[in-house]
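J.: test case, fold it:
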Amino acid sequence: MEGKWQISAYNFADKRTFPLDKMEITLTVDQDMHIGGRSACNLYSGTITVGPRGAMKLSTITTTDMACNEINGTFEGEFLEVLSKASHYEVKERTLTITDTASGHFLRFVRADKSVPTPLPQSTPQPQVKAEREIFFIGNRMSNCSGVQPIKCLRIKKEKSGAWQDYFDTIIGFKPKAGWFYKIEVVRVGEAPSGLPGDVTVYRHKLVRVIRSSTREKEIYR
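T.: A predicted model of the protein is given here:
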């Protein structure tokens, strides 16, 4: 499943014909089975767990919350419904089919990157990519974020004078205590976008160190 995919066909409960050539519907899967993409209107992300014989299950899907027109919004709702309930996947050559076996509804994608990833020999040196590090300030409470279903998410900012923003993912290795503010250093991990239309990053952030923590916000800016 790893790679970048573009939707090519679907089977929804809503039987109308949607103009796929006029919408951006993508799926990117990284080597750790984290997913990201565009679902016609919003961006979404989640994590896939795979089992034997093509079994699969998704974690809670999170999405951005942008206004959509009627066609895109309807398609997006059906798309996320199938994706969230999917229980089986199949890859044949350059085609990926994800199916909700209970209903028979499916999403079919064609590979959007140039070639199927091929493992390099063990003896081939791997290029060293410098990981990008950042400083995050973390708020002392969680936000109620909108997704396929409501979830709790972190509030972060990157500048002292910046506004708090919702962060629709977990920071790997970071477990904040309720009521505490934090200043942390994180490293960005994952793959960069390919540059294809509708493709999104599957970057995630991993904790490097906790620089400062306090129950008082002003203390973390020192």
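J.: run through who's touching stretch 168-177.
T.: Residues outside stretch 168-177 that contact it (CB atoms under 8 Å, 6 or more residues apart in numbering) are 45, 62-64, 136, 138, 145, 147, 153-154, 182, 184, 186, 189, 204-207, 210. (C-beta placed from N, C-alpha, C; glycine too.)
J.: quick check: buried residues in that stretch?
T.: Within stretch 168-177, the residues that count as buried by 16 or more other CB atoms under 10 Å are 168-169, 171, 174, 176.
J.: which strands or helices does the helix or strand hosting residue 207 pack on?
T.: Assigned by DSSP states H and E, residue 207 belongs to strand 204-214. Applying 3 or more CB pairs under 8 Å, 6 or more residues apart in numbering; DSSP states H and E, we find strand 204-214 packed against strand 133-138, strand 181-189.
J.: in ChimeraX, how would I select the buried members of the contacts of stretch 168-177?
T.: To isolate the buried members of these in ChimeraX, using 16+ other CB under 10 Å:
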select :45,62,63,64,136,138,145,147,153,154,182,184,186,189,204,205,207
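J.: tell me the centre residue of the protein?
T.: Centroid-nearest residue in the chain: residue 45, 2.3 Å away (criterion: CA atoms, centre = their mean).
J.: name the strands paired with the helix or strand hosting that one and say parallel or antiparallel.
T.: According to DSSP H and E, residue 45 maps onto strand 43-50. Using DSSP bridges, the strands paired with strand 43-50 are strand 34-38 (antiparallel), strand 56-58 (antiparallel), strand 62-63 (antiparallel).
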